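# all I have is the shape, not the residue letters:
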């Protein structure tokens with residue numbers, strides 16, 4: 001036990017906003033998402049290969065993958081890349097990561113996708129943990145639509 005005081009913010013946990021990603025990556029992803037459907041996933045993968053920390057890219061790969069282990073893998077990589085990015089931007093394991101900040105959406109999409117796909121592949125405890133984490137990140141409910 002310590003006798004040092006703990007300083008709490010009167011506004012609750014802090015918000016973390018990820019920085020905007022490279023505009024060229026955003027442009028390339030936008031173009032890749034317009035490619036014919038049978039080639040779209042490969043086009044998005046090419047963008048992510050060039051920008052491997054691009055969370056919206058990982059979320060898009062997950063969205064374009066077959067449900068189950070293939071999508072689970074893409075979302076899981078994006079989720080872990082997102083945790084790295086959050087930590088690099090002052091997140092310390094708690095606090096809000098809100099949907100209203102567009103730059104946070106790639107991470108939140110990966111987290112929700114991981115929750116859904118974990119449930120599909122039978123990783124129920126991981127699914128529940130991710131669902132709770134999504135609600136903790138944005139208790140406003142703005143990101144809850146991702147779980148549907």
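Okay, I see it. Here the structure is a predicted model, which means the values were calculated and not measured.
# the residue most central in space within the chain and residue 39: what is the separation?
Central residue of the chain (Cα atoms, centre = their mean): residue 107, 1.7 Å from the mean position. Relative to residue 39, residue 107 is positioned 27 Å away (Cβ to Cβ, to the nearest Å). Heads up, the C-betas are built off the backbone N, CA and C, glycines and all.
# over to residue 62?
Counting by Cβ to Cβ, the gap from residue 62 to residue 39 is 17 Å.
# in terms of neighbours, single out the busier of these two.
Per other Cβ atoms under 10 Å, whichever of residue 62 and residue 39 has more neighbours is residue 62, with 27 against 10.
# next one: the helix or strand where that one lies to chain centre, how far?
Residue 62 is part of helix 55-64, with elements assigned from DSSP states H and E. Distance of helix 55-64 from its chain centroid, counting by Cα atoms, centre = their mean, to the nearest Å, is 9 Å.
# ditto for stretch 68-85
When distances are taken as Cα atoms, centre = their mean, stretch 68-85 is centred 8 Å away from the chain's centroid.
# repeat for stretch 130-148
11 Å.
# can you tell me the average pLDDT over it?
Stretch 130-148 carries an average pLDDT of 92.
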